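K.L.:
Make a model of this:
(one chain, ligands or ions: 1)
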Amino acid sequence: MTPIRLASRLEGIRPTIFTEMSALAMRTGSVNLGQGFPDRDGPPGVIAEAVRALQHGANQYAPGPGVPSLRQAIARHQQRHYGIELDPDQHVVVTTGCTEGIAAALLGLVDAGDEVVVLEPYYDSYVAMIQMAGGVRRPVTLRAPDFRLDVAALRAAVTPRTRFILLNSPHNPTGTVLGRDELQAVADVAVEHDLVVITDEVYEHLTFDGTEHVPLAGLPGMWERTLTLSSAGKSYSFTGWKVGWATGPAELVGAVLAAKQWMTFTSGSPLQPAVALALDEEPDFPRDLARDLEVRRDLLLRGLADAGITAYVPEGTYFASASVRDLGWSDGLAFCLALPERAGVVAIPTQVFYDDQTDADGGRHLVRFAFCKDREVIEDGVTRLAKADLSA
Ligand SMILES: Cc1ncc(COP(=O)(O)O)c(C=O)c1O
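P.N.:
Take a look at the predicted model:
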């Protein structure tokens, strides 16, 4: 028999680092400060609503675009937080996590050869899905120490073949929250070059120190060219539920639905009414979570400093980036592979989220630590780091 091989659309895409590093954490009994999932579940009332839905017949296919009560709750959410008015029947589609929103948006919109400008370091599903859609990525690097958007680099990345910008703010893994000026620069470039912007805002509520998340779709002239993606996973600590949504003008949402109908057709019926309840009746949960995360962020940052690791202060998300250069390492991947044995801790090498993994000025020396974990877990992790010999 001819050896089985992967389809070329998957060629060169490495398996997601999160599987590899979480397996390493399990195998070595390490504290997992790698993958971004919280130790604690979201509101019990929301779980009770999912159980109620399971027991009362929400067990068959939901409508493809999502159950009406959830689409209405998403529209109310966008109105309440950002003053963006949505028609739940035209401007909202429920997806299987933001991950499906990313996949469906790219498969539904990108043609072979289209260029997609994307912030780097990037969330790894962007790379896979741009490639599967036949697109070409054009990275714009956010550089340490402050990881701000370099507007000149953004402009330089745009060519006549560019059709999309794939944005992510609050940004994983750097924790950058793009400010109004940066977003206005993105908007200016998009309008000037007639680009569509797909913006991944899954960490929209998880910002710190009073930093405000500004949705790109709310900027003048951006509504008609912006597809916004989000999810209940991060805002409500239900990452395993995989309930997300895409919002925007009917043409862009229609493109997501056009692709989604052939992937999953519809997303988890009993979870949708529960997420609707979360959005409507637990509106303060995400802000309270952000406040609590801020305390855990500071705990992690103090612990990393005590262990001699130079960390950067994130304005949002679950993550802090750190440089391992001061410890004598130039390669964050080598550091992360040695870390379980040296310290009993797992972190994520940021270099795998860059096109050029050898660029010393890029992310080669950076490592990502998650602080969405219980305080005791973070304390255990940083105590282990402080006790270990981490030098190269
Ligand atoms: C930037 C970003 N987008 C999307 C996702 C995935 O979201 P979901 O779990 O809702 O599919 C994640 C999860 O880590 C993320 O960090």
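
K.L.:
closest point of the chain to the ligand, which residue?
P.N.:
For the chain, the residue closest to the ligand is Gly97, as judged by CB to the nearest ligand atom, at 2.5 Å. In this view, the C-beta of every residue, glycine as well, is placed from N, C-alpha and C.

K.L.:
Pull the contacting residues for Gln90.
P.N.:
By CB atoms under 8 Å, 6 or more residues apart in numbering, the residues touching Gln90 are 250, 253.

K.L.:
Which residue lies closest in space to the residue of the chain closest to the ligand, excluding its sequence neighbours?
P.N.:
If you skip the residues right next to it in sequence, Gly97 has Lys242 as its closest partner in space, 3.6 Å away by CB to CB, 6 or more residues apart in numbering.

K.L.:
Surely that neighbour touches Ser267?
P.N.:
Yes: here Lys242 lies in contact with Ser267, judged by CB atoms under 8 Å, at a distance of 7.3 Å.

K.L.:
Tell me which of these two has more neighbours.
P.N.:
Ser267 (27 against 19; other CB atoms under 10 Å).

K.L.:
before we move on, what SS does that one have?
P.N.:
coil (DSSP: H, G, I helix; E, B strand; the rest coil).

K.L.:
need the contact list for it.
P.N.:
When the contact criterion is CB under 8 Å, 6+ apart, the partners of Ser267 are 62, 66, 94-96, 100, 242-243.

K.L.:
Is it possible to mark the buried ones in those?
P.N.:
Neighbour counting by 16 or more other CB atoms under 10 Å classes 62, 66, 94-96, 100, 242-243 among these as buried.

K.L.:
Looking at the residues you listed, which are in helices?
P.N.:
Among the buried ones among the contacts of Ser267, the residues falling in helices (DSSP state H) are Glu100.

K.L.:
quick one: average pLDDT of the longest helix seen in the chain?
P.N.:
What stands out as the longest helix in the chain, according to DSSP H, is helix 285-306. When pLDDT is averaged over helix 285-306, the result is 98.

K.L.:
in that helix, what counts as buried?
P.N.:
Of the residues in helix 285-306, those buried by neighbour count under the rule 16+ other CB under 10 Å are 285-286, 289-290, 293-294, 296-297, 299-301, 303-304.

K.L.:
now stretch 371-383
P.N.:
Applying a neighbour-count criterion of 16+ other CB under 10 Å, one finds 371-373, 377-383 buried in stretch 371-383.

K.L.:
farthest-separated two in those?
P.N.:
When these are compared pair by pair using CB to CB, the farthest-apart members prove to be Cys372 and Thr383, with a separation of 18.6 Å.

K.L.:
Quick one: name the residues of the stretch 101-250 of the chain near the ligand.
P.N.:
123, 168, 172, 200, 202, 231, 233, 239, 242, 244 (CB under 6 Å from any ligand atom).

K.L.:
Sort out for me which of the contacts of Ser267 are in strands.
P.N.:
Counted as lying in strands by DSSP state E, out of the contacts of Ser267, are 94-96, 243.
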